[in-house]
Each structure stands twice: as structure tokens, then as C-alpha cells.
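[1] the amino acid sequence is not available; the structure is as follows:
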């Protein structure tokens, strides 16, 4: 531990400078205008891995954005860890809500502000620096492989085919992912559950063209009004989703399991204050932490139609649109829920409009074991670096590729993240604490140490 901390202290400014340079590249996967920047980022990631000491680093083409692969194999008898991360980032919009430009990183209050700072450039880069540290110390206790992709924020469409085509190359004993968080900087935790996702776009069409709202208002169906009515009917007054069959496969936790979850520290007033909320809202009969982890949800992520420019335009729009996502819990199936949603949304449409549902991407919910060698190694590593044993928690987020790793590669995943809920990922002013960045670099070598030790016994 002393060697680890001494190395970080001696190189911390360089570690930060290198991360800043990576954050400057706008690797937005959702917008084609950033395509060249995405490719530039992939090259930068490859070069950073080579500089850290990895061998056989390459940028692997896919049908979409490339995947960066690298490895450092020290001995065939040692266990192998496959490190996963993603170099693509969310769109920075709305730009006017950023306090500083999203791709011009700034350090303020011991945090680095930039798009991708926490999700996921800052977190996967910890592993790059941890590799450098272990090699500089002459102690690499595991074989390490890296797979850093560029499409996580748009559904990882090409990751599955890449996994299937490269099973031998990606052969490992466990997958290690840092794309989650901890409860607090003084309360370490390890994510052991993720919700699944079903993401859909809906289109409601009324008249064949936009109409004058004075000449036609009151005589024809307004698609925007209709869409709002349809959406509002999807959740009842108790916060229950009204799609028939939606809850059929939902796993209900026992009172003992819920009581164990409740031991994780949570203060509702702090929660409300952190997001400027006057009061909480959610499914009846469940606490806020339960609503964001073990219960499924339905949310509108975007809605548009008609005139939204400056001034007034009195028009009844021909079409209205919305993007709707559903977070799923174990044993719900993304494909089944998507089909149920489509059937129900089409069924509740009144006869005077036409409805089109377009499924986008999705993923399956996951619960990772807490009795595995890998989990025990992660727990011990955090206990040593933080001075406290981490709490196992379930996250409300989705990382669909975790299920892919198990189904295609046959590998379990350890979610060793260091972000905080307050890091504003996917939002303006995303940031990542310098404490968290350096603490990750400190903890990751310990994971490899204990994983190698525990694998021998």
C-alpha cells in the first residue's frame, strides 16, 4: 500500500493531465458529426494503454465505432482479468446549462468538470494508470486484458458480435468494470445489481398536415394532446405501471432482504436537497432507495411536436413524438416488456390517430454474486484502501453488456465503481472527484493482488 500511494503521489499531476487531454476529445457516439472525434479517441485510448505498458494494443473495427483491445499477459498459470470500459460519452446538451464548456475540462472544488469525467473516461482511465503503477512496481499479479468500446451510450449494438467473434482473445476468469459508484466517499460500496432497460420511441399522427388552430381547433384530434393523455395513462396514482402483464415476472424481495438493503445509509432530506427537489414521488409501498433499485419504472425521456421556436405559431401539429424508457428488474425480459409496451400503446390509441412504436436498444437486468472469489477480492481491496468494509448495493442504472458477458463469454462481472450520485452523469456539469479518481487507481491494484491470492486457494 505504501508503494502504491507513493507512486500515485509522485505522478498525480501527470495522471490528471493525461485524463484532461482525453476528456477534451468530444467522443459523442449518438451524433454522427462527432464521428471523427470518436475515432480519434479510440486511437488516444490505444496509445495510453501502450504507454502504460500494455502489449498487443489495437483498435478493432466493428460495424459501428471501434473497440480498443490490449493485453498484458505475464504467465499462463495466473488468473486473467478482462477490464471493460467505454470511451464514448453522452451528448452535452443543453449547452447553456453548463457552467464551463463540456469539452474544456476545469478543476473546481477538487473535482474535474467535463462531459465523460465520471461516465466513463475518468473511471476506465483509472485502470490504465493502475496497470502503469503495477508494472512500475514490478508486481503484476494477474494477466490483464482491456476492452474499451465506443458505443455504450447508444446501446452497445456491435459489442455482442465482437464478443462472439473473439471468444478466445477475450478468454478470462472475470470481467472488471468501473462504471458504477459508491454511496459516499466515507462509505464504500460495491454494486451487485443493475436494472435492465427497454427504450422505445413513439409517434402519434393525426391530420395529414399541420393545421391552423383557429380554423380547425375543436374539430380534429390534436396529436400532442392525445400523446400526453396516452402517456399519463401509463402510470396510475399509486405509481404503478398500467401495462397488462408488466409485473408478471418481477422478483419480489423478502422482508429480510429489504431490511438488509435498508442498512445502507440514506437521508431523504439530503437526497432532495442534492437535486433541488421539494418532495419525493414514486411507487406506493416502497422507499426511495427501493424505487431506484429493486422496482421497475417507466419514464418519458423526451417529448416533442408542433412549433417550439421563438414567438407564436398557432398550429395543430400533424405529429407528436416521445422517447420512453422502462427500467427492469430481475427476471423481467427486455424483449418481452418491449412487446407488451408496443401492444398496449397501440391498443390505447383512439381511432382518430395512428400510432407507431419503434424499439431502440435494451438490456437485461443483472444480479452479481457476493460469494465469488472476485467479489471477495474487490471487497478486501476496498476495505484496505478506504479503511471500511464496502456495503453491497443494487443500482438503478443499466449496463446491458454485463448480461452479454455472461451469456456469450460465460463470465461473471465485478462492478468496482468509484463515482457518486452527485456527479451529474448524463447531465450538464458532469464531474468526477479527484479523491475518487486517485482512490480508484489506489484500489484497483489491490483487487488484482487479492484476486490472484484467492484464486490459488
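    Good, I have the coordinates. Being a predicted model, the structure only gives us computed values, none of them experimental.
[2] hang on, residue 300 in a strand?
    Yes. Counting by DSSP: H, G, I helix; E, B strand; the rest coil, residue 300 falls inside a strand.
[3] was I right to think it contacts residue 324?
    Yes. Between residue 300 and residue 324 there is a contact under Cβ atoms under 8 Å: 5.6 Å. All C-beta atoms are positioned from the backbone trio N, CA, C, and that covers glycine.
[4] which residues do these two both contact?
    Overlap of the contact sets of residue 300 and residue 324 (by Cβ atoms under 8 Å, 6 or more residues apart in numbering) consists of residue 231.
[5] residue contacts, the nearest residue to residue 190 once chain neighbours are set aside?
    Using Cβ to Cβ, 6 or more residues apart in numbering and skipping residues adjacent in sequence, the residue nearest residue 190 is residue 390, 4.9 Å away. Residues near residue 390 by Cβ under 8 Å, 6+ apart: 182, 188, 189, 190, 378, 379, 382, 383.
[6] just checking, what packs against whatever helix or strand the fifth one lives in?
    Translated: residue 378. For residue 378, the host element (DSSP states H and E) is helix 373-386. Contacts defined by 3 or more Cβ pairs under 8 Å, 6 or more residues apart in numbering; DSSP states H and E place helix 373-386 against strand 174-177, strand 189-194, strand 413-415, helix 434-456.
[7] domain ranges for this protein?
    The chain resolves into domains spanning 2-194+365-456, 196-250+296-363 when parsed by automatic domain parsing.
[8] wait, residue 307 sits on residue 316?
    No. Applying Cβ under 8 Å, one finds residue 307 not in contact with residue 316, separated by 10.2 Å.
[9] of those two, which one has the most company?
    Neighbours were counted for residue 307 and for residue 316 using other Cβ atoms under 10 Å; residue 316 has more, 25 against 12.
[10] and the gap between that one and residue 354?
    15 Å (Cβ to Cβ, to the nearest Å).
[11] returning to what we had before: got JSON lines for the helices and strands packed on helix 373-386, with distance to residue 41 and mean neighbour count too?
    Listed next are the helices and strands packed on helix 373-386 as JSON lines, based on distance: least, Cβ to Cβ, whole Å; neighbours: other Cβ atoms under 10 Å:
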{"stretch": "strand 174-177", "distance to residue 41": "19", "mean neighbour count": "25"}
{"stretch": "strand 189-194", "distance to residue 41": "25", "mean neighbour count": "23"}
{"stretch": "strand 413-415", "distance to residue 41": "23", "mean neighbour count": "25"}
{"stretch": "helix 434-456", "distance to residue 41": "18", "mean neighbour count": "21"}
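[12] backbone phi and psi for residue 143, please?
    Torsion angles at residue 143 (phi, psi; degrees, to the nearest 10) stand at phi -70, psi 140.
[13] who touches it in this structure?
    So residue 143 contacts 71, 72, 73, 74, 75, 76, 78, 79, 80, 81, 172 (Cβ under 8 Å, 6+ apart).
[14] most surrounded residue in the residues you listed?
    Among the contacts of residue 143, residue 81 has the most neighbours (other Cβ under 10 Å), with 25 neighbours.
[15] hang on, the earlier thing: format the helices and strands packed on helix 373-386 as a markdown table; extra columns: distance to residue 123 and mean pLDDT.
    Compiled in a markdown table, the helices and strands packed on helix 373-386 are given as follows (distance: least, Cβ to Cβ, whole Å; pLDDT from 0 to 100):
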| stretch | distance to residue 123 | mean pLDDT |
| --- | --- | --- |
| strand 174-177 | 9 | 98 |
| strand 189-194 | 12 | 93 |
| strand 413-415 | 11 | 96 |
| helix 434-456 | 7 | 98 |
